[in-house]
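Visitor: Next one to model:
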Amino acid sequence: MKILQALFFPPEQPGGVSSMVPYINEQFLEKGWEMELFSIPKRVRSKGTEDVKFATFDWTPFAGNPIVDKYIQTYKDYVWWTKLRVRKTYDLIHAHHPIAALVMKQLFPGTPVVMTIHSSYERELILNGKIAEGGPEHRFLTSLYKELEHKTDAILTVSESFKQYAGSYMEDLSQIRVISNGFDEKRFRPIAHENAVPQLITVCRLVPAKGIDTLLHACAELKKMGHPFVLHLIGDGPIREELEQMAIDLNIYEEIIFYGYMLHPEEFMPFFDIFVLPSRAEAFGSVFAEAALCCLALVGTDVGGIAEQIDHGHNGLLVPSDDPAALCAALELVMADPTYRYQLARSAMMKAKQIYSLSRVILQLKHVYETTGLKRERIGP
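Guide: Numbers count the residues shown, from 1 in each chain. Take a look at the predicted model:
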């Protein structure tokens, strides 16, 4: 079976899709499958000119809105680039972005297309203050879920909570299958260590949706209470300067190290003690599974896929989002008791190895590919 993994941009950033799909590709190649990766270079801008039409809704009333116009132009560019570069035929295409899925189905209507919805662009835009809930951009982006349902041959997503969210915009929720993200254990090497001062770490893009402002306020309370710590903040983004100034204002700048972007944070994480990320929304939250495989204690928010990964009190701690006091109390608990912290970390690692292994994902995807391809053969062209 010849399969094309259709991404959006090249898989150069760590986390989520980028950390998983190339490893999936590698595993299938080792098993003798024919599989290739495809994406659009970031340099391709404003090349496409073909009209865009959707089967389930008319997008033109949203025209003139900058976010919608950019989305549509990117769709056109993906069409242009795909026509230019994809010369082979494939037995199945697995897309990892709505634009990739819809373009591939438009250009190769006879080829089965499997779509994995990894996250919600509209929810991220709302949480980051870019669009309003219920506004034109929100209505346009959520309309794409039904279009995906209508056009693709199988829909996957990464958590039960996100299945419920995406399914609320579709007609048949039962058609969505959940395959959580999987990780190659060989990339993660827990290291025995003892830190005199608790070392906290978070890895994320620095945007409002990740709740780092909540974390900084919680850390300020920890310092006022006399608890020593160091927070290692790996990642970059549009609000980095704002967060650095907040750290100064809260008198915790000396306790925080802003690293910026790091290509392979999993090589760095095993030396620390606690992974904390108070996200306001996460479809899955791949970095929690990665931190668990590094044998770190987990502290996260009770949202989306995070709450499916963390069993509160067993393999980590959950707190409400936007609650610095609750986050401070959770961090204080794991910082103060190294034995409890190790128990949480050990349990998190064991669950991640059992449930989020890459081999499990490969088996599940193999079944989806084979059954989707077989269904297409039975139906015929």
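Visitor: mind listing the strands for the stretch 201-350 of the chain?
Guide: Remark: strands of the stretch 201-350 of the chain, listed N- to C-terminal, are 230-234, 256-260, 274-277, 297-301, 317-319; assignment by DSSP state E, counting those that start in this stretch.
Visitor: where are the low-confidence patches of the stretch 101-250 of the chain?
Guide: Applying pLDDT under 70 to the stretch 101-250 of the chain flags no residue at all.
Visitor: any idea which element Leu4 lies in?
Guide: Following DSSP states H and E, the helix or strand that holds Leu4 is strand 2-6.
Visitor: go on, His94?
Guide: Under the assignment given by DSSP H and E, the secondary-structure element containing His94 is strand 92-95.
Visitor: Give me the contacts around that strand.
Guide: 1-6, 101, 104, 108, 111-116, 152, 365, 369, 372-373 (Cβ atoms under 8 Å, 6 or more residues apart in numbering). Any C-beta I mention is one placed from the backbone N, CA and C, and that applies to glycine too.
Visitor: Selecting buried members of those residues in PyMOL, what would you type?
Guide: Selection of buried members from the contacts of strand 92-95 for PyMOL, criterion 16 or more other Cβ atoms under 10 Å:
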select buried, resi 3+4+5+6+101+104+108+111+112+113+114+115+116+152+365+369+372+373
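Visitor: Give me the subset of the contacts of strand 92-95 that lies in strands.
Guide: 2-6, 113-116 (DSSP state E).
Visitor: What angle do strand 2-6 and the helix or strand hosting Ser359 make with each other?
Guide: Ser359 belongs to helix 358-379 when assigned by DSSP H and E. For helix 358-379 against strand 2-6, the angle between stretch directions is 110 degrees (axes from the mean of the first three to the mean of the last three Cα atoms, to 10 degrees).
Visitor: Which residues does helix 358-379 contact?
Guide: Applying Cβ under 8 Å, 6+ apart, the contact partners of helix 358-379 are 1, 3, 20, 23-24, 27-28, 31, 91-92, 94, 112, 114, 153-154, 156, 177, 179-185.
Visitor: for stretch 343-357, same thing?
Guide: Residues outside stretch 343-357 that contact it (Cβ under 8 Å, 6+ apart): 180-183, 185, 190, 289, 291-298, 309-311, 314-317, 334.
Visitor: let's go with 7 Å and repeat that
Guide: Residues outside stretch 343-357 that contact it (Cβ atoms under 7 Å, 6 or more residues apart in numbering): 180-183, 185, 190, 289, 292-293, 295-298, 314-316, 334.
Visitor: and the helix holding Ser359, which residues are buried?
Guide: By 16+ other Cβ under 10 Å, the buried positions in helix 358-379 come out as 358, 361-362, 364-365, 368-369, 372-373, 376.
Visitor: pLDDT and distance to Asp236 for the residues you listed - can I get that in a markdown table?
Guide: A markdown table is the format used below for these (pLDDT from 0 to 100; distance: Cβ to Cβ, whole Å):
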| residue | pLDDT | distance to Asp236 |
| --- | --- | --- |
| Leu358 | 90 | 27 |
| Val361 | 92 | 28 |
| Ile362 | 94 | 32 |
| Gln364 | 96 | 33 |
| Leu365 | 96 | 31 |
| Val368 | 97 | 35 |
| Tyr369 | 97 | 36 |
| Thr372 | 94 | 38 |
| Gly373 | 78 | 41 |
| Arg376 | 53 | 43 |
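Visitor: Name the nearest of those relative to Glu282.
Guide: Checking those against Glu282 with Cβ to Cβ, the nearest one is Val361 at 18.2 Å.
Visitor: The closest one and Ala289: what is the separation?
Guide: Here the distance between Val361 and Ala289 works out to 11 Å (Cβ to Cβ, to the nearest Å).
Visitor: what do you get for Pro270?
Guide: With Cβ to Cβ as the criterion, Pro270 and Ala289 are 14 Å apart.
Visitor: And those two? Which one has more around it.
Guide: Looking at Pro270 and Ala289 with other Cβ atoms under 10 Å, you find the greater number of neighbours at Ala289, namely 27 against 17.
Visitor: So the more buried one is in contact with Gln309, correct?
Guide: Yes - with contacts defined as Cβ atoms under 7 Å, Ala289 counts as touching Gln309 at a distance of 6.2 Å.
Visitor: Going along the chain, name the helices of the stretch 51-200 of the chain.
Guide: Shown for the stretch 51-200 of the chain, the helices assigned by DSSP state H, counting those that start in this stretch span residues 66-85, 98-107, 121-127, 136-151, 160-167.
Visitor: Including distance to Pro265, could the ones you listed go into JSON lines?
Guide: Putting the helices of the stretch 51-200 of the chain into JSON lines (distance: least, Cβ to Cβ, whole Å) gives the following:
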{"stretch": "helix 66-85", "distance to Pro265": "28"}
{"stretch": "helix 98-107", "distance to Pro265": "26"}
{"stretch": "helix 121-127", "distance to Pro265": "20"}
{"stretch": "helix 136-151", "distance to Pro265": "29"}
{"stretch": "helix 160-167", "distance to Pro265": "23"}
